[in-house]
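**Q** Need coordinates for the following:
(chains A and B)
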Amino acid sequence: MTSMPDDIRRPAGPRTPAVDFLFSEGALRLEGESYPEDVTTLYGSVLAAVDDWLATEPPKARLDVALSYFNSSSAKALMMLLERLDAAAGRGTAVEVVWFFDAEDEGMEELGEEFGEDLEHAAFRLEPVPAAT
Amino acid sequence: MLAQRTYDLRADLQSRGVIFAYSGYVTDDILSGVGGALRREMASQDAARRTIRSVFTVFVEQMQNVIRYSDERLDTGGETLSYGILAISRESDAYVVHSGNVVSAPEVAPLREKLESLRGMDAASLKAAYKMRLRDGETTAGGGAGIGLIEIARRSTTPVGFDFLKMEDGRTFFAIEARIGGDA
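**A** Next up, the predicted model:
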């Protein structure tokens, strides 16, 4: 009835992050920058696949957010993704969200805190990345 | 003559402190091209990372508002181009990001109301408004519903300025400016 969706591997584009959602391993990763004007094209199919995957009640899920910049519409999509994972955590999936941020970018750290503080069931961790020189 | 006219335009912009200006149809490609140049230029001037990030953020949100809401549009087989003007200026230690576009008559009152309410908010209420917008409903396409304006207000060091001008043809021109950095 519920089946495992195919893994998603999309390289980064000029305004879109690399998307590596390896459902088979329970490992999801967003990396790069996200500011497409139309976020539906990028995140619509990704969120649909996540819904399908979470319906299989996976034992564990880890999301790495390694975004160096995202616009306000991407923020909304990201929040939708976190809400789904948090709900799955409430149903028994062991969910861990790791928010990577440039150690010199307190703005992204603050955003991470804001996104993380609303999670009720999922584990959330902020992880500074040493700034590239 | 030609050089003089172009030089005068450049001199006029420079005398207003403008370091960058774009007037024309805006697309996502123009946004990322110009945005990349803006970030490199600011980095070369040793602007703080946080300042660069904030200026870029406000720039992106303003450009995408022009793309979404400009009432001057051109349909070119599949893609709709939106007309707007965007400029970034230096005023002592601060960067000021300005943009303007024509808005349709029904947009004016709600836009004014949103921006006026944002002007009255402190950092904590802006954060609360931002989070509320993040979570309300599943609107995605054109997503915003004001979240872009809240983002601009959060990044701005002083309350976001805005104005409306009745144009000769009866339509309304909308302008917004946000100041980042400096002594506020």
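
**Q** Strands of chain B, residue ranges please.
**A** B:18-26, B:73-76, B:79-91, B:94-103, B:161-166, B:172-180 (DSSP state E).

**Q** Report all helices and strands that the shortest one contacts.
**A** On a contact count with 3 or more C-beta pairs under 8 Å, 6 or more residues apart in numbering or on different chains; DSSP states H and E, strand B:73-76 meets strand B:79-91. From N, CA and C alone the C-beta is placed, and that goes for glycine too.

**Q** Could you find the closest non-adjacent residue to B:Arg155?
**A** The spatially closest residue to B:Arg155, leaving aside those adjacent along the chain, is B:Ser54, at 4.3 Å (C-beta to C-beta, 6 or more residues apart in numbering or on different chains).

**Q** you'd agree that neighbour is up against B:Arg154?
**A** No. Applying C-beta atoms under 8 Å as the test, B:Ser54 and B:Arg154 come out as separate, 9.0 Å apart.

**Q** List the residues that contact B:Phe174.
**A** When the contact criterion is C-beta atoms under 8 Å, 6 or more residues apart in numbering or on different chains, the partners of B:Phe174 are B:Gly100, B:Asn101, B:Val102, B:Val103, B:Glu107, B:Val108, B:Leu111, B:Phe162, B:Asp163, B:Phe164.

**Q** how about the fifth one, what does it touch?
**A** The neighbours of B:Glu107, taking C-beta under 8 Å, 6+ apart as the test, are B:Tyr69, B:Asp71, B:Phe174.

**Q** try it again with 7 Å
**A** Contacts for B:Glu107 (C-beta atoms under 7 Å, 6 or more residues apart in numbering or on different chains) come out as B:Tyr69.

**Q** What is the nearest of the contacts of B:Phe174 to chain A?
**A** For the contacts of B:Phe174, the minimum distance to chain A (C-beta to the nearest C-beta) is 14.4 Å, reached by B:Asn101.

**Q** ok, and does the longest helix along chain A reach over to chain B?
**A** Scanning chain A for the helix with the most residues, using DSSP state H, yields helix A:72-90. Yes. Using C-beta under 7 Å from any C-beta of the partner chain, helix A:72-90 comes into contact with chain B via A:Ser72, A:Ser73, A:Ala75, A:Lys76, A:Ala77, A:Met79, A:Met80.

**Q** Nearest residue to residue 105 in space, please, no chain neighbours.
**A** No chain specified, so I'll use chain A. B:Arg49 (5.9 Å).

**Q** oops, chain B please
**A** Spatially, and ignoring its direct neighbours in sequence, B:Ala105 is nearest to B:Thr172 (6.7 Å; C-beta to C-beta, 6+ apart).

**Q** Now stretch B:153-163: buried residues?
**A** B:Ala153, B:Arg154, B:Arg155, B:Ser156, B:Thr157, B:Val160, B:Phe162 (16 or more other C-beta atoms under 10 Å in any protein chain shown).

**Q** ditto for stretch A:83-93
**A** If you call a residue buried by 16+ other C-beta under 10 Å, then stretch A:83-93 has these buried ones: A:Glu83, A:Arg84, A:Leu85, A:Asp86, A:Ala88, A:Ala89, A:Thr93.

**Q** so where's the chain uncertain?
**A** Using chain A here. A:1, A:132-133 (pLDDT under 70).

**Q** looking at chain B here, not the other one
**A** Answering for chain B: the residues below the bar, that is pLDDT under 70, span B:137-145, B:183-184.
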